[in-house]
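A.B. asks: requesting a structural model of the entry that follows:
(one chain, ligands or ions: 2)
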Amino acid sequence: MPMKKKMKEEEEECGECLFAEEYDGPPLSYNIPCALPINMEKIPVAAVVSPVCISDNMSFPVIQPILAVDSLGKKFLVPSSVSPTSVIDNCGSSELELVSDSITVSPEEEEEEEEEEGDEDCGLSSSGELLLLRSCSSVNHQESRTLDFCDSSVKENELSNPLVPDWESNESVLSMDYPSSRVTGDCCVSETNGDGKKQQVVTFLGIASDDDGFEEEEESCNQKRVRVVPVKKEPQTKGKKGSCYRCFKGSRFTEKEVCLVCDAKYCSSCVLRAMGSMPEGRKCVTCIGFPIDESKRGSLGKCSRMLKRLLNDLEVKQIMKTERFCEANQLPAEYVYVNGQPLYPEELVTLQTCANPPKKLKPGDYWYDKVSGLWGKEGEKPYQIISPHLNVGGPISPEASNGNTQVFINGREITKVELRMLQLAGVQCAGNPHFWVNEDGSYQEEGQKNTKGYIWGKAGTKLLCAVLSLPVPSKSTASTSGEQHYSANSRSILDHLEHRTLQKILLVGNSGSGTSTIFKQAKILYKDVPFLEDERENIKVIIQTNVYGYLGMLLEGRERFEEEALAVRNTKQCVTENIPADEGDAKSYNKTVYSIGTRLKAFSDWLLKTMAAGNLAVIFPAASREYAPLVEELWRDAAIQATYKRRSELGLLPSVASYFLERAIDVLTPDYEPSDLDILYAEGVTSSSGLACLDFSFPQTASEENLDPSDQHESLLRYQLIRVPSRGLGENCKWIDMFEDVGMVVFVVSMSDYDQVSEDGTNKMLLTKKLFESIITHPIFEHMDFLLILNKYDLLEEKVERVPLTRCEWFEDFNPVVSRHRGSNTGNPTLGQLAFHYMAVKFKRVYSSLTGKKLFVSSSKSLEPNSVDSSLKLAMEILKWSEERTNICLSEYSMYSTEPSSFSN
Ligand SMILES: Nc1nc2c(ncn2[C@@H]2O[C@H](COP(=O)(O)OP(=O)(O)OP(=O)(O)O)[C@@H](O)[C@H]2O)c(=O)[nH]1
Ligand SMILES: [Ca+2]
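C.D. replies: Ligands and ions are numbered 1, 2, ... in the order given. All right, here's what the predicted structure looks like:
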């Protein structure tokens, strides 16, 4: 085969780089385009930043800052040889170069950064991974001593420092902005002004200091200042350069999705498997709960094209939302230093929610002039004017922006560009003046009372600032001084609003219970356009792949049946005559109704091999056009039809397979378009690993439209149906916590499971009971209503006549009084109805014994739209009722019957 040879050559040419799987399918009748080998040497590649050594457990203790006495403090604050924005590795000085502003990034990363941040970028090191920690060793032994030391140092400084009276006598608001002590949480920090610099002593109350992951600098006293590098979690596997980290296929040019934590890269066929349901966004399953790699913060919530292709809009939206807002992905406050002090979480919130927050806040060192609102990277000119007077971080240091002009603004020696600006704006700068500049731009000289002018007042100043890339105050700054205005996009407000207007219904159940079917029914029932064009396109591929899968199962069955038939014949033949040793003769003998021709046999072998390797999904969407004629031949083949007749003996073939197999030829044509019914029946449409959510409202019925308008809003209430894959609810219900704001839980059970067993031999109904128990007792659902949907009533009715319900040990006391006149016509309950009621009671008992509450139950045949509609309407009624119940606080039982909504005004 020429193609085979080509591939081989390529493989050899680029060494370990693998471009494609070897093709060993049936012969093709056309030419295949071939890729030319690429010279990997010629591709520019940036150096990899060497990983640093900390355990992958990133939750290191946060140690609050401490400053030594003055001489030491000076040394700490202004590292002379290293730029303040740089990162100092804790393993030694050899890493110092690496961390300067011009850190190397790979070409793609650089591109991304530019695209996203433009000139607004205020990030520090591009890798953004590094932070500064000051800590005090063995602080917990030192409590009282440190406090003493602290007190005396305050006095000493006040007495001995000539600058202090100056600062105090100054009439600016400055003194207010330098609190003399801070107390937050577990630790108490005292500071004083000395030499224009703060001094702090931190006392830890009850926090054991943990030196793991920290390296001490050589210090004579007990205090140390350490740069700590949160090390990127290493991926669990790593393939050849550029390949997918899971299947190890592809090159650096294949499109890939990257884990936000460990940087593992996955190709489109692996990403959903590797990342699962993405409860915290794009992270490997094993990286859930870990903080993100800070260099990727900019891409949080920005969906890739690949995900948009693989998932539907709602899934993508949900994932991007949790990626941005979930707890684990928030910027850790202690990564942000303001005026040399790591922030407390409340301070970070203050900073992020103020009227003019810093743009694109990233981990790193910043300076903040609280009087004017000027904000910049440590060691650099101002970058932005944010809201002034925020109580965040420490007092500003004169060296904050590394100026050398001997001109000071609010205690900070300004940079050359700023001086230029002042001079051009007409401010007298001779004689090394100290200016006090307020947020409105008014300024005065130190020690003088009258305002000399307004820096921003002159027409040309703003233009000037633009030219010098200096910030100017934004319009709202002046009006918001002092107060903390919370911006409208503040997260808590958003959450609150969402919770009010949207009732969330969680749909859960064991695998195969029918949650996806109910979800899809809801879409078809309540959405004008249930499935968008590209969704349908994806679904088409899923259905076609499924059908190839079903065909494969048939072919597997055919092989088995053929072997069986041959075995039977051989034993017969052995009795009558000797089998000829000649092979040619044997072949003609070995024909049964289940035998197929060589062409189909080759296709069959290849299909089974592909299935066994789990590659079906990779190959089929693309190749289906080629195989359509073969499929037709195969489906019409007598052997296959004979096998299909015995399909009930093929354990793996699901019951929906018939629906599709009987139309296999149509379904597998390239221009097949799935109908809503096809979609409803299709397996795997709602990805079994992902969350799916659906926002909807119940359409108004004719009678409702005539009601008085105050009632109409009820039918406009919005609901969100969230389907949770059963896998996400297993033993470690890790991401169940996401659902604390849902209104109710709908638990779906497949009633026909009572005689089914799982792979490990456990009865599936017992497994369902176990899941049910674990969910109803989960603390997060403590105050929620539960609706149990006993599903697949159609299957139950049919099955219970054949297989006794007592097949499941939990149902062993099912002992219905069998009426002679049983059946729907006589008014007596059918066996199916009795079985349903019995199961409902069983679940209700479990529920009330564990929660003390009442369980709502509904039966359902979820392949029928009306059935799903009435179950979901029941859910809505329960939600409404529970709201009224909490509003009016009446007794549970009287409420429901006496409070029809039409009575209310
Ligand atoms: N006869 C019948 N089949 C049903 C009913 N509800 C669901 N099914 C079928 O049962 C199978 C499993 O249903 P799904 O909706 O995929 O189940 P699921 O809860 O999403 O399960 P996983 O996808 O495995 O997590 C599908 O083939 C459905 O078509 C029903 O009421 N009656
Ligand atoms: Ca399913």
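A.B. asks: buried residues in stretch 645-662?
C.D. replies: Judged by neighbour count using 16 or more other CB atoms under 10 Å, the buried positions of stretch 645-662 are 647, 650, 653-654, 656-657, 659-661. Bear in mind the C-beta positions are built from the backbone N, C-alpha and C, glycine included.
A.B. asks: and these, which is closest to Ile518?
C.D. replies: Taking CB to CB as the measure, Ile518 lies nearest Val656 of the buried residues of stretch 645-662, at 15.2 Å.
A.B. asks: mind listing what the closest residue to the closest one other than its chain neighbours touches?
C.D. replies: Of all residues not flanking Val656 in the chain, Tyr681 sits nearest, at 5.0 Å (CB to CB, 6 or more residues apart in numbering). Applying CB atoms under 8 Å, 6 or more residues apart in numbering to Tyr681 gives the contacts 656, 659-660, 863.
A.B. asks: rewinding a little: now flag whichever of the buried residues of stretch 645-662 is closest to Phe519.
C.D. replies: Within those, the smallest distance to Phe519 is 15.8 Å, found for Val656 (CB to CB).
A.B. asks: residues contacting that closest one?
C.D. replies: Counted by CB under 8 Å, 6+ apart, Val656 has contacts 681-683.
A.B. asks: where's the dip in pLDDT among these?
C.D. replies: Among those, Glu683 has the lowest pLDDT, at 87.
A.B. asks: Gly301: neighbour count?
C.D. replies: When neighbours are defined as other CB atoms under 10 Å, Gly301 has 15 of them.
A.B. asks: pull up the gap between the closest residue to it other than its chain neighbours and ligand 1, please.
C.D. replies: Among residues not flanking Gly301 along the chain, Arg324 sits closest, at 3.9 Å (CB to CB, 6+ apart). Taking CB to the nearest ligand atom, to the nearest Å as the measure, Arg324 falls 27 Å from ligand 1.
A.B. asks: hang on, Arg324 packs against Cys303?
C.D. replies: No - contact status for Arg324 versus Cys303: not in contact, 10.9 Å apart, counting by CB atoms under 8 Å.
A.B. asks: before we move on, the earlier item: rebuild the contacts of Tyr681 as CSV, extending it with pLDDT, secondary structure and distance to Asp365.
C.D. replies: Shown next, in CSV, are the contacts of Tyr681 (pLDDT from 0 to 100; DSSP: H, G, I helix; E, B strand; the rest coil; distance: CB to CB, whole Å):
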residue, pLDDT, secondary structure, distance to Asp365
Val656, 87, helix, 60
Tyr659, 93, helix, 63
Phe660, 95, helix, 61
Leu863, 94, coil, 61
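A.B. asks: ok, which pair from those residues is furthest apart?
C.D. replies: Once CB to CB is applied, the contacts of Tyr681 give Phe660 and Leu863 as the farthest pair, at 14.2 Å.
A.B. asks: run through the residues of this structure sitting next to ligand 1.
C.D. replies: 509, 511-517, 654, 656, 681, 683, 688, 725-726, 791-792, 794-795, 861-863 (CB under 6 Å from any ligand atom).
A.B. asks: could you rerun that using 5 Å?
C.D. replies: Residues of the chain found near ligand 1 (CB under 5 Å from any ligand atom) are 511-517, 656, 688, 792, 794-795, 861-863.
A.B. asks: can you pick the most crowded of those?
C.D. replies: Thr515 (28 neighbours).
A.B. asks: distance of that one from Asp741?
C.D. replies: 20 Å (CB to CB, to the nearest Å).
A.B. asks: ok, now Met320?
C.D. replies: Taken as CB to CB, the span from Met320 to Asp741 is 18 Å.
A.B. asks: more crowded one of the two?
C.D. replies: The residue with more neighbours, out of Met320 and Asp741, is Met320; 18 against 13, by other CB under 10 Å.
A.B. asks: and the helices in the stretch 551-700 of the chain?
C.D. replies: For the stretch 551-700 of the chain, the helices defined by DSSP state H, counting those that start in this stretch occupy 583-589, 598-612, 616-636, 638-645, 656-661, 664-667, 676-681.
A.B. asks: for Leu311, which of those helices is the nearest?
C.D. replies: Going by CB to CB, the one of these nearest Leu311 is helix 616-636, 14.6 Å.
A.B. asks: before we move on, the earlier item: among the residues of the chain next to ligand 1, which has the minimum pLDDT value?
C.D. replies: The minimum pLDDT among the residues of the chain next to ligand 1 falls on Ser688, with 55.
A.B. asks: contacting residues around the helix or strand where Ser848 lies?
C.D. replies: Here Ser848, judged by DSSP states H and E, is contained in helix 831-851. Applying CB under 8 Å, 6+ apart, the external contacts of helix 831-851 come out as 749, 751, 769, 772-773, 776-777, 782, 786, 788, 790, 793, 796-798, 800-801, 805, 810-811, 814, 816, 818, 822, 829, 853-855, 857, 859.
A.B. asks: would you turn the helices of the stretch 551-700 of the chain into JSON lines with distance to Glu556?
C.D. replies: Shown next, in JSON lines, are the helices of the stretch 551-700 of the chain (distance: least, CB to CB, whole Å):
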{"stretch": "helix 583-589", "distance to Glu556": "22"}
{"stretch": "helix 598-612", "distance to Glu556": "6"}
{"stretch": "helix 616-636", "distance to Glu556": "13"}
{"stretch": "helix 638-645", "distance to Glu556": "9"}
{"stretch": "helix 656-661", "distance to Glu556": "13"}
{"stretch": "helix 664-667", "distance to Glu556": "16"}
{"stretch": "helix 676-681", "distance to Glu556": "22"}
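A.B. asks: who wins for proximity to Ser697 among those?
C.D. replies: Of all these, helix 676-681 sits nearest to Ser697, with 19.8 Å by CB to CB.
A.B. asks: quick one, strands of the stretch 401-550 of the chain?
C.D. replies: 408-409, 412-413, 434-437, 442-445, 453-454, 502-509 (DSSP state E, counting those that start in this stretch).
A.B. asks: re earlier: quick one: neighbours of the residue nearest to Gly301, just the number.
C.D. replies: Arg324 - counted by other CB under 10 Å - has 14 other residues nearby.
A.B. asks: cool, and Thr286?
C.D. replies: Counted with other CB under 10 Å, Thr286 comes out at 17.
A.B. asks: quick check: it vs Met306, distance?
C.D. replies: From Thr286 to Met306 the distance is 20 Å (CB to CB).
A.B. asks: got the phi and psi for the residue in the stretch 151-300 of the chain positioned nearest to ligand 1?
C.D. replies: Going by CB to the nearest ligand atom, ligand 1 is nearest to Ser277 of the stretch 151-300 of the chain, at 11.4 Å. Reported as degrees, to the nearest 10, the phi and psi values for Ser277 are phi -90, psi 0.
A.B. asks: burial count for it?
C.D. replies: With neighbours defined by other CB under 10 Å, the count for Ser277 comes to 23.
A.B. asks: these two touch, right, it and Pro725?
C.D. replies: Yes - under the criterion of CB under 8 Å, Ser277 makes contact with Pro725 at 6.1 Å.
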